[in-house]
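Enquirer: Structure for the following, please:
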Amino acid sequence: MTETTQLEAKVLLLEHEPEQYRRLSDFCTQVGLVALPRSAGDALATLSQHKDLGGVLLAENLPCDGPDGLSLARAIHRLRPELPIFLRRTSERALTSEEQATLRHEWKSGEMEPLREAVERAIFSLRYPTSLVNGIVQLTCSALSSMFPNAQVMAESPYVVHDRIIHGEVSTLIAIESTWCRGYMMLQTEESALRQGLLQGFGYEGVGGDLNFRELNNMLGETTNLIWGAFKNRYIPPKAFANQQTQVPIVINHEHKYISFGSQDPQLCIRYQLSDPKRPGLPPLMIVQRFIFNLHWSPEEFAEFDAAPPDVAATGELELF
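Expert: Residues are numbered from 1 along each chain as shown. As a prediction, the model looks like this:
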């Protein structure tokens with residue numbers, strides 16, 4: 001078994017009792033959850049602001065519009081059914097089948113160990129090798145610095161997400177296939193921020209001006225291709241193939257900026273900030289990277305590959321979309 005890194009995940013914390021809030025805050029710190037404390041009135045607005053959540057912690061007796069917190073749980077589930085909801089029970093009443101369908105786990109105050117196990121199963125069901133995560137960050141930062149040579153590139157701490165909401169308007173998707181994984185890599189960004197970054201001179205000299213959306217698409221596409229080439233040279237052996245050749249439909253809903261890969265597994269997410277070192281006060285360009293290993297994932301096989309990576313000679317070829 002290879003060494004895996006403990007990645008964090010953001011969770012919406014909806015708890016109003018001071019003692020329970022303190023316990024849950026400590027619990028989140030211990031298990032690697034970044035808590036976003038909110039009231040019932042702010043919960044749905046927070047879903048709109050955060051597209052990269054891992055789950056929801058909710059008290060049954062939370063004051064809200066409705067008899068109890070289950071009405072809010074149903075509203076959250078309707079909007080983001082991919083988010084696991086963990087309900088702290090405060091009553092003995094039996095839940096209806098509809099209420100049970102909205103929940104991933106229910107627990108009573110003080111039962112922290114069952115909650116910990118449920119969080120491990122639901123939010124952290126995939127573990128990512130430390131060397132792989134560090135390598136992805138390094139090669140992506142190098143590729144971004146090559147494509148945007150005048151920008152300062154900084155990677156935020158990697159984390160896992162269960163949300164399926166796309167960040168921004170411009171996205172790229174490229175398949176990844178090796179002996180130890182099969183899935184996809186995505187880059188996502190806001191069109192206006194990408195255009196502004198190029199106007200600020202992040203790219204090569206002469207890349208800027210009145211860029212239309214096709215040119216911006218091509219810019220992000222070339223960036224994706226460069227990252228993919230570096231990933232392939234480092235992590236995919238020659239004539240690599242996956243043992244499982246199954247496919248699942250990818251569902252994209254443009255109106256709701258939603259994409260599904262047919263899997264409830266968490267996705268590896270890394271956010272990169274590109275800023276102007278000469279003008280630190282300007283908002284950075286944010287590029288969000290996601291890895292979705294929905295078709296095959298074996299960290300044990302990666303450990304074997306990582307222990308003795310094959311020698312791969314650079315061909316100088318450029319793969320195009």
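Enquirer: In terms of helix, strand or coil, where does Pro249 fall?
Expert: Secondary structure assignment for Pro249 (DSSP: H, G, I helix; E, B strand; the rest coil): coil.
Enquirer: give me the number of residues near it?
Expert: 8 (other Cβ atoms under 10 Å). C-beta coordinates here come from the backbone N, C-alpha and C atoms, glycine included.
Enquirer: burial measure for Asn134, as a count.
Expert: Count around Asn134 with other Cβ under 10 Å applied: 12.
Enquirer: Now do the SS call for it.
Expert: Taken by three-state DSSP, the conformation at Asn134 corresponds to helix.
Enquirer: And it, how far from Arg214?
Expert: According to Cβ to Cβ, to the nearest Å, Asn134 stands 35 Å off from Arg214.
Enquirer: repeat for Pro284
Expert: The spacing between Pro284 and Arg214, counted by Cβ to Cβ, is 24 Å.
Enquirer: ok, those two, which is more surrounded?
Expert: Using other Cβ under 10 Å, the more surrounded residue of Pro284 and Arg214 is Pro284, with 18 against 8.
Enquirer: pretty sure that one contacts Leu274?
Expert: Yes: Pro284 lies in contact with Leu274 (Cβ atoms under 8 Å); the separation is 5.8 Å.
Enquirer: is it fair to say Ile44 lies in a helix?
Expert: No, residue 44 isn't Ile; it's Leu. Yes: Leu44: assigned to a helix according to three-state DSSP.
Enquirer: Secondary structure element holding the nearest residue to it once chain neighbours are set aside?
Expert: Leaving aside its chain neighbours, Leu44 sits nearest to Ala75 (6.5 Å; criterion: Cβ to Cβ, 6 or more residues apart in numbering). Element membership for Ala75 (DSSP states H and E) is helix 70-79.
Enquirer: Which secondary structure elements does that helix sit against?
Expert: helix 40-49, strand 53-59, strand 85-89, helix 97-102 (3 or more Cβ pairs under 8 Å, 6 or more residues apart in numbering; DSSP states H and E).
Enquirer: how about a cut-off of 10 Å?
Expert: Under the contact definition 3 or more Cβ pairs under 10 Å, 6 or more residues apart in numbering; DSSP states H and E, helix 70-79 sits against strand 9-14, helix 40-49, strand 53-59, strand 85-89, helix 97-102.
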